[in-house]
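1. Turn this into a structure:
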Amino acid sequence: MQNKTMQVPLQIKEFDSETGVFEGYANTFDHKDHAGDITQKGAFTKSLARHKASGSMPALLWQHDMKSPIGVWEEMREDANGLYAKGRLTLGVQKADEALLLMKAGALKGLSIGYHVNDEEWSTEQKATLLNEVDLLETSLVTFPCNDQSNVERVKSLTKNSEIPTERDLERALKELGLSNKQSRAFISEGYKGIKSETQLNHKLDELLNVLS
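-> A predicted model of the protein is given here:
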């Protein structure tokens, strides 16, 4: 199962520069991230319950680096707004000290969750993947990326830079243009011929090709 990440603005409610304790939201509901995902209320409930039952917490990492823990999460729960988290940096650890200085200067503005998807669905109306249940592995302090591109624009940007979009990038771009899950997957697995007999789909694919040209 592939690890995934999601980044949202760090909404600091409280920050103690002496103790390294901070709190805010690691994720917010009904927010469409740069990858086109929208977290649904209740998405973290089962994962948090599993952590509680085992006496564990998701890891607090520096920039998703599994080799760079920088503290501990002391509290994590869902509320009406999203995933509330209270953490404590382990001062004296180099990366934790760096994070403290950057947060004080306002240069470190992001939280990003690392997770596995257990249940998701595509919303044609919202042109996004709705995350219904995720397994929360870690939450990192990160430099917040200013990237709210649509999936089509993301694929276009990648091809312009001679990069190869991932299957998920391309599948989401196709869905954004109106193809169903089945049709998008057929195009990914069989190419244009997989759905070439349908005139309406041809038009959608031509639209995508025109965008990428």
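
2. make it CA atoms for all contacts and neighbour counts henceforth
-> OK.

3. So which residues of the chain form helices?
-> Applying DSSP state H to the chain gives helices spanning 45-54, 94-105, 151-160, 167-176, 181-190, 199-212.

4. Residue ranges in this protein under the pLDDT threshold?
-> Counting by pLDDT under 70, the ranges of the chain that qualify are 1-3, 7-12, 144-166, 169, 172-173, 175-179, 191-213.

5. can I see the domain layout of it?
-> 4-142, 151-212 (automatic domain parsing).

6. Reformat the ones you listed as a markdown table; add mean neighbour count.
-> Converted to a markdown table, those look like this (neighbours: other CA atoms under 10 Å):
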| stretch | mean neighbour count |
| --- | --- |
| domain 4-142 | 18 |
| domain 151-212 | 16 |
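
7. what sits against Leu83?
-> Leu83 makes contact with 25-28, 44, 76-77, according to CA atoms under 8 Å, 6 or more residues apart in numbering.

8. now Ala107
-> Per CA under 8 Å, 6+ apart, neighbours of Ala107: Thr143.

9. now it: how far from Leu60?
-> Separation of Ala107 from Leu60 (CA to CA, to the nearest Å): 18 Å.

10. ditto for Thr143
-> From Thr143 across to Leu60, the span is 15 Å (CA to CA).

11. Check the gap between Lys86 and Thr139 for me.
-> Lys86 is 11 Å from Thr139, by CA to CA.

12. do Arg77 as well
-> Arg77 sits 13 Å away from Thr139, going by CA to CA.

13. if we look at stretch 46-57, which residues are touching it?
-> With contact meaning CA under 8 Å, 6+ apart, stretch 46-57 is reached by 58, 72-74, 76-77, 133-136.

14. Serialize these to CSV and add fields for distance to Gly36.
-> What follows is those, written out as CSV (distance: CA to CA, whole Å):
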residue, distance to Gly36
Pro58, 24
Val72, 29
Trp73, 27
Glu74, 30
Met76, 24
Arg77, 24
Glu133, 16
Val134, 15
Asp135, 18
Leu136, 18
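
15. Surely Lys95 is in contact with Ser68?
-> Yes: Lys95 is within contact range of Ser68, at 7.4 Å (criterion: CA atoms under 8 Å).

16. Identify the contacts common to these two.
-> Residues touching both Lys95 and Ser68 (CA under 8 Å, 6+ apart) are Trp62.

17. bridging residues for the closest residue to Ile113 other than its chain neighbours?
-> Spatially, and ignoring its direct neighbours in sequence, Ile113 is nearest to Thr139 (4.3 Å; CA to CA, 6 or more residues apart in numbering). For Thr139, the beta-bridge assignment (DSSP bridges) gives partners Leu60, Ile113.

18. gap between Thr139 and Ala26?
-> Separation of Thr139 from Ala26 (CA to CA) stands at 7 Å.

19. shared neighbours of these two, anything?
-> Residues touching both Thr139 and Ala26 (CA under 8 Å, 6+ apart): 111-113.

20. ok, Asn133 to Val117 distance?
-> Rather than Asn, residue 133 is Glu. Applying CA to CA, the value for Glu133 to Val117 is 6 Å.

21. again with Thr143
-> Note on Thr143: its distance to Val117, by CA to CA, is 23 Å.

22. just Glu74 next, same as before
-> From Glu74 over to Val117 the distance is 24 Å, taken as CA to CA.
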